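K.L.:
Next input, structure requested:
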Amino acid sequence: MRCFITALFVFLLGIFTSHAQENLFLEFRETPLKDVIQQLEKEVNLNFSYAEDLVENKSITVLAEGLSFDEVLGLLEAQTGLHFEKIDGQPQVIIVPVPLKKNSCIYLLDQDTRLPISENEVIVDSTIVIETDKRGLIQFENPKKTEYHIEAAGYKSITIKPKETCTSIYLTPAYKVLKEVIVTSYITTGIDRNRDGSITVAQKPLGSIPGQTTPDILQSIQLIPGVSSLDESASGIQIHGGTSDQNLVLFDHIRVFNSGYLYGMLSRFNPYATEKATIFKTATSAAYGDRVSGIIDLSTDSDVAKELSGGLGIDGLSIDGYIRAPISKKSSLSVYARNAYLDIYKTPTYEAYAKKIFNNSGRITDSSGNALNVSSDDGYTYDTSENEFRFYDVNAKYVYRPSVEDKISISALMTRNRTLFSFASEGETKNDSLATGNGGISINWLHSTSSTQTDQITTYFSSYDSYYQNEEYVGQTLEETNIRGNRISDFGLELKSDRTFKSNDLLSYGYQLSNTNLEIDLSSISNIDPNNTMSLPVRDSNLKNVLFGEYSFRRNNGGIFRFGLRAVHYGSLGNLYLEPRLNFEISVNKSLRIRTGLERRNQPISQLIEFNQTELRLDNNLWRLSDNVNYPLLKGNQFSTGLLFNKNGWTLDAEAYYKSLKGLTSYSQGFNLPQPYLSEGKSSIIGMDILLKKRIQNYRFWVGYSYNNVNFTFNQILENSFAGNNDIPHSFRISNSLDVKNFQFSIGWQYRSGTPFTPIKNYDEETKEVVFETLNNGRLPNFHRLDASINYKFPVDKNSSFMQIGFSALNIYNRIVPLAIVHRTIQQNNQLLLEQVIQRSSLGFTPNLTLRVFF
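P.N.:
Take a look at the predicted model:
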């Protein structure tokens, strides 16, 4: 019994001793390292071996408790630049110089806590991405530069000069960033998850993404579960089951009404002009309004350039370049430009896109699978047609800092897209031309009234125009001309103030004023029968006044509770609308967070899908202001809840949501229905998004899954609810990336359910009479494709100049399936006649080669 009690006592003593050693309390202020060592020797019963001259002139400052012994050694190592190694099986710690595996060795520490910045993402000179170890150490090759620019997530950037020994650098917390960023490298480098639920995608240093060789932000955000594009485009982005026109897209405060070139396949924004994008899927700030789905807020670099830099590149579609030049110590100018060269040479990249866009034919069957002889694109074939595609964009930004408290930014954007298309069949020739432009200018003045208050004034002007013309010839005779024009001019002013209190809570409030003028021109001119000539001009305007405010309770552990209210008065509707917003996210522990969001939003402008005045039937949408008569105000409510787990390189993010929309119309949803009358309806959307990511040193993989159930209710069309046009029950994506020295490899596979369509039940080929099954009762084949890319970077001189060569391939195994089917019908003598069936297919194998130089 005595032996048992003695053994138990020794066992418990060992536990308590071990526990005491694992919960050390340190309080030193500029204490010599030798004194610190002597105190530790007494507390942990270990001996430290070192050379006297090695520890001279080194001191420790720290106030921390609950540290393990390994954490203490890491702290000492980070503050001194020495290596502390505990000998296994012996009560001894050896202190030696840090072995330099590479040329540069830096320990990063927090200026306030004096503790190492462990397992944090660090960017060196905007090109090298490293993660600190548990002791805050980074090591990288030194190309004999005189200084380095260090950026660590959550801290202010710093420029340092390299040394031959390990250096300890103390970084000052950038509290706004530190408090908002929850997960760095949320999917890959450059994509971060914020405390308020938003996601930031930064151009530098955006990691390797399958199928991309340039950091196209609109394509990159589609890696985020719940964000997708059903037609593979960059502009047709759908967020939480909403359509693309339900997203608010901003570029430096300029409102963008068309974000794509080449019928949306290519982003309208120069990849190297966009510094970052902030995406809200839910729980949107009260500062944003006028859309019921997502927010995509793009911005360019707002810092004053300190030195001349730029870049030049060419890929399979365009050539682009930019330059950032300091004008003085307080101001700089950045200019970005891009231009397509496809009128000179049509590359394999363009040929792949053109076949997808212009070839809308395919095998037509009824619901039983029987082949039908139905016209498809009026006999068009890709090989016998002619097409020409051009685009260019220019944007510039001037930044001026007259004082530490003030910053003035002026941004300008101009984009232009033009497509010419012609084909002949059986003596008939059809010529199409489509030109779209979007641009504007914004001026922003940001003033730091005090250390706890910032105020800003922003004014902007946005302009959008779209002009489509179709000409039909028989022989040399022009028989018919169809014209569709759409123009928008939007002017706005915003006053906004942010105030941070001692508790770190944040109050934001402001006022917004805007006026939107909209024009639509629909006309058809018949040279054969003047009675068939028509013209339908529309002129509308909307003056909007908004008061908004929100209060955020922000806790030091990253928790947030935010309540916001937006009061909007639309002049065209004559009513006041209240939009409450509620969002909270709490930290259960260091690894687990839970969140909930609730919001109401309204949308006074939507796109109508117009079929009869276009032959291409692709980019055929028209913007129209709500009038609460024929075109109701779109109203949306959304509730979401989820959790975020992040530990040891693993990230799991899961979110469930419910969204209801009222004020939908049959015109906005593109139903090609027998009855020509406008029908109003609603939709309900239930969904779930899951992201799983793991990082193992330079290798990353991430898996995304989305469940989406979209139900439409249009009582004038169908008694029961039916699947929405964009109902995609299952969507899955898996991606991998690997960085090896100067190479970046990535490969990814994506899969999703086919979109709904209305099958043909019976069709008489002689009379063309058709009977359809229930609306959206069928589904097209499931979509999947494999994408890959590789990038190689190498320096071209001893400075920061380098070159990049990239190759990407979309749809490597060249699987082409229909993505949508449109039936073009007419009503004649109480009979429904089928004139044409248009199939829009997926993109085939699409290679792209990129060459870039940066200086």
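
K.L.:
In contact with the spatially closest residue to residue 698 that is not a sequence neighbour, which residues?
P.N.:
Among residues not flanking residue 698 along the chain, residue 739 sits closest, at 4.2 Å (C-beta to C-beta, 6 or more residues apart in numbering). The C-beta positions use only the backbone N, C-alpha and C, and glycine is treated the same way. For residue 739, the contact set (C-beta atoms under 8 Å, 6 or more residues apart in numbering) comprises 129, 207-208, 698-699, 745.

K.L.:
how about stretch 27-37 as PDB, C-alpha atoms only?
P.N.:
Extracted C-alpha coordinates of stretch 27-37, given in PDB (Å, rounded to 0.1, in the frame of the first residue of the first chain):
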ATOM      1  CA  GLU A  27       7.700  39.500 -17.000                       C
ATOM      2  CA  PHE A  28      10.800  41.200 -18.300                       C
ATOM      3  CA  ARG A  29      11.500  44.700 -19.500                       C
ATOM      4  CA  GLU A  30      14.800  45.200 -21.300                       C
ATOM      5  CA  THR A  31      16.200  42.500 -19.100                       C
ATOM      6  CA  PRO A  32      19.600  41.100 -20.200                       C
ATOM      7  CA  LEU A  33      19.300  37.700 -21.800                       C
ATOM      8  CA  LYS A  34      21.800  36.200 -19.300                       C
ATOM      9  CA  ASP A  35      19.500  37.200 -16.400                       C
ATOM     10  CA  VAL A  36      16.500  35.700 -18.100                       C
ATOM     11  CA  ILE A  37      18.300  32.500 -18.600                       C
END
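
K.L.:
Distance from that stretch to the middle of the chain?
P.N.:
Centroid separation between stretch 27-37 and its chain, computed with C-alpha atoms, centre = their mean, to the nearest Å, is 48 Å.

K.L.:
Which positions in it come out as buried?
P.N.:
If you call a residue buried by 16 or more other C-beta atoms under 10 Å, then stretch 27-37 has these buried ones: 28, 33, 36-37.

K.L.:
cool, stretch 338-355 as well?
P.N.:
Neighbour counts over stretch 338-355 (16+ other C-beta under 10 Å) mark 338, 340, 342, 346-347, 349-350, 352-354 as buried.

K.L.:
hmm, back to that, which pLDDT value goes with the residue nearest to residue 698?
P.N.:
Here, the pLDDT recorded for residue 739 equals 84.

K.L.:
element containing it?
P.N.:
For residue 739, the host element (DSSP states H and E) is strand 730-740.

K.L.:
got it, and residue 357?
P.N.:
With elements taken from DSSP H and E, the one containing residue 357 is helix 348-358.

K.L.:
just checking, next helix/strand downstream of that helix?
P.N.:
Helix 348-358 is succeeded, C-terminally, by strand 386-403 (DSSP H and E).

K.L.:
Can you tell me the centre-most residue of the chain?
P.N.:
Against the mean C-alpha coordinate of the chain, by C-alpha atoms, centre = their mean, the closest residue is residue 221 at 3.2 Å.

K.L.:
show me where the stretch 751-855 of the chain has strands.
P.N.:
Using DSSP state E, counting those that start in this stretch, the strands found in the stretch 751-855 of the chain span residues 756-757, 760-763, 770-772, 778-779, 783-795, 802-810, 818-828, 831-841, 846-854.

K.L.:
list the helices and strands the third one packs on?
P.N.:
For strand 770-772, the packing partners by 3 or more C-beta pairs under 8 Å, 6 or more residues apart in numbering; DSSP states H and E come out as strand 760-763, strand 818-828, strand 831-841.

K.L.:
what's the last one in contact with?
P.N.:
The reference is to strand 831-841. 231, 356, 359-362, 364, 372, 374-378, 617-618, 674, 760, 763, 767-771, 816-827.

K.L.:
Buried residues, it. List them.
P.N.:
Across strand 831-841, burial judged by 16+ other C-beta under 10 Å covers 832-834, 836-841.

K.L.:
cool, the second one as well?
P.N.:
By neighbour count with 16+ other C-beta under 10 Å, strand 818-828 contains the buried residues 818-825.

K.L.:
from the residues you listed, which is closest to residue 196?
P.N.:
Ranked by distance to residue 196 (C-beta to C-beta), the buried residues of strand 818-828 are led by residue 819 at 34.1 Å.

K.L.:
Determine which two of the buried residues of strand 818-828 are furthest apart.
P.N.:
The largest separation in those, counting by C-beta to C-beta, is between 819 and 825 at 20.6 Å.
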